[in-house]
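Enquirer: Here you go, sequence then predicted model.
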Amino acid sequence: MKEGDENLHLSIGNPKSNECGFYATLKLDDGTVLYESELLKPGFGLTEVPLSQTLKKGKYTAMVCYDCVSLDEKHTPLNSAESEFLLIVK
């Protein structure tokens, strides 16, 4: 991405075949949260993530954390997963 961009082109989605919903959080390895999603139901997602702050040039270790929940009214927590990647800002 480019320095100063307010959006990151990144695909975050919940596969249609899932039987749970999830919340996705994009954060840097230092704990800085760049984005927190609403509940993503099966078959929904986004390809452009609005960032809470812009980033300066550099390389950042980032991750998307997925917190899975039941689809009932309680949204009972289930499992979670993390997907790490290198975010390069030019």
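Expert: Alright, I've got the coordinates. Residues are numbered from 1 along each chain as shown.
Enquirer: for the protein, what spans make up the helices?
Expert: Secondary structure of the chain, counting by DSSP state H: no helices present.
Enquirer: so residue 14 touches residue 42, yeah?
Expert: Yes - distance between residue 14 and residue 42: 5.3 Å, which falls inside the contact criterion (C-beta atoms under 8 Å). In short, each C-beta sits where N, CA and C put it, glycine included.
Enquirer: Which residue of the two possesses the greater neighbour count?
Expert: A side-by-side neighbour count of residue 14 and residue 42, using other C-beta atoms under 10 Å, places residue 14 first with 20 against 16.
Enquirer: How about that one, nearest residue that isn't a chain neighbour?
Expert: Distance criterion C-beta to C-beta, 6 or more residues apart in numbering; nearest residue to residue 14, sequence neighbours excluded, is residue 40 at 4.3 Å.
Enquirer: now residue 5
Expert: Nearest residue to residue 5 in three dimensions, chain neighbours excluded: residue 54, at 6.6 Å (C-beta to C-beta, 6+ apart).
Enquirer: okay, now the one you found: neighbour count?
Expert: By other C-beta under 10 Å, 13 other residues sit near residue 54.
Enquirer: just the one 10 residues further on next, same as before
Expert: Using other C-beta under 10 Å as the criterion, residue 64 is surrounded by 20 other residues.
Enquirer: Residue 55 now?
Expert: Here the neighbour count serves as a burial measure; for residue 55 (other C-beta under 10 Å) it reads 19.
Enquirer: quick one on the thing from earlier: need the overlap of contacts for residue 14 and residue 42.
Expert: By C-beta atoms under 8 Å, 6 or more residues apart in numbering, residue 14 and residue 42 have these common neighbours: residue 21.
Enquirer: Please tell me how far the residue lying farthest from the centre of the chain sits from residue 58.
Expert: Relative to the centre of the chain, and counting by C-alpha atoms, centre = their mean, the farthest-placed residue is residue 73 at 22.5 Å. Summarising the geometry, the distance separating residue 73 from residue 58, computed by C-beta to C-beta, to the nearest Å, is 43 Å.
Enquirer: can you give me the strands in this protein?
Expert: Counting by DSSP state E, the chain forms strands over residues 7-13, 21-28, 33-36, 45-50, 58-69, 77-89, given from the N-terminal end onward.
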